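Visitor: give me the fold of what follows.
(one chain, ligands or ions: 1)
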Amino acid sequence: MVKIDPVEKSVENRFLSTLNKIPESHWKGATFEWHYSLNPLGIYHGLGPHGRYDDKNDIVKLRNTPQLQRRTIVHEIGHRVYNKVLTPAEREKWEKASVNEAPRMRQWGIEYFLPEELFAELYADMFLPKTSLVSLGRLESSTQTVFREIVKSHEQNLSTY
Ligand SMILES: [Zn+2]
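Guide: Numbers count the residues shown, from 1 in each chain. Sure, this is the predicted structure:
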């Protein structure tokens with residue numbers, strides 16, 4: 001992976017103004033990295049997704065491209081919130097609450113349940129309404145309630161929100 005520095009000005013401005021829409025405690029402490037490509041397989045398979053979150057190292061990786069969407073930035077921070085801000089009990093609560101609505105993926109005969117993916121997309125919907133692939137308002141109301149409660153509980157002790 002190639003790290004590009006400095007980031008293109010238009011991309012940097014979009015990034016900074018997007019961070020302003022999100023509680024600081026949700027991204028503070030994370031490292032943001034800019035990449036030309038996020039495809040681990042290399043150029044034969046294109047440049048890969050526009051964003052990726054590395055939870056082991058707490059790094060939000062973003063493509064340094066003018067096509068980078070605000071939604072992608074917020075979605076990746078949603079993955080960060082899921083892994084670093086939520087408590088294990090909250091993740092468990094979310095897994096149970098989203099069991100009927102989270103996407104499932106089949107790979108090599110194994111079905112994966114993706115509650116974290118739904119969380120990240122709903123997180124984008126919460127902070128950037130109408131840009132997301134999933135809208136919070138379309139979920140079962142009990143699922144909406146659990147989501148809002150979990151996110152809200154981490155907004156209360158903020159100084160800059
Ligand atoms: Zn995702």
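Visitor: and the host helix or strand of Tyr112, what does it pack against?
Guide: Secondary-structure element containing Tyr112, defined by DSSP states H and E: strand 110-113. In terms of contacts (3 or more CB pairs under 8 Å, 6 or more residues apart in numbering; DSSP states H and E), strand 110-113 is packed against strand 104-107. Using the backbone N, CA and C atoms, a C-beta is placed for each residue, glycine as well.
Visitor: helices and strands around the strand it packs on, which ones?
Guide: Contacting strand 104-107 under the criterion 3+ CB pairs under 8 Å, 6+ apart are the following elements: strand 110-113.
Visitor: for the helix or strand following the strand it packs on, packing partners?
Guide: The element immediately downstream of strand 110-113 (helix or strand, assigned by DSSP H and E) is helix 115-127. Where contact means 3+ CB pairs under 8 Å, 6+ apart, helix 115-127 is packed against helix 70-80, helix 88-97, helix 141-153.
Visitor: can you give the contact residues for helix 115-127?
Guide: Under the contact criterion CB atoms under 8 Å, 6 or more residues apart in numbering, helix 115-127 has outside partners 21-22, 71, 74-79, 81-83, 91, 94-95, 98-99, 101-103, 131-136, 139, 147-148, 151.
Visitor: may I see the ChimeraX selection of the buried members of those residues?
Guide: Selecting in ChimeraX just the buried members of those, where the criterion is 16 or more other CB atoms under 10 Å, is done with this command:
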select :22,71,74,75,76,77,78,79,81,82,83,91,94,98,102,132,134,136,139,147,151
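Visitor: one step back: quick one: the strand holding Tyr112 to chain centroid distance?
Guide: When C-alpha coordinates are averaged (CA atoms, centre = their mean, to the nearest Å), strand 110-113 and its chain have centres 20 Å apart.
Visitor: not counting its own residues, what contacts that strand?
Guide: Strand 110-113 is contacted from outside by Glu95, Val99, Ala102, Arg104, Met105, Arg106, using CB under 8 Å, 6+ apart.
Visitor: do the same with stretch 52-67
Guide: With CB under 8 Å, 6+ apart as the test, stretch 52-67 has contacts from 4, 7-8, 10-11, 15, 27, 29-38, 47-51, 68, 72-73, 76-77, 79-80, 83-84.
Visitor: state the distance from Thr72 to Asp125.
Guide: The spacing between Thr72 and Asp125, counted by CB to CB, to the nearest Å, is 13 Å.
Visitor: looking at those two, which one has more neighbours?
Guide: For Thr72 versus Asp125, the count of surrounding residues by other CB atoms under 10 Å is larger for Asp125: 24 against 19.
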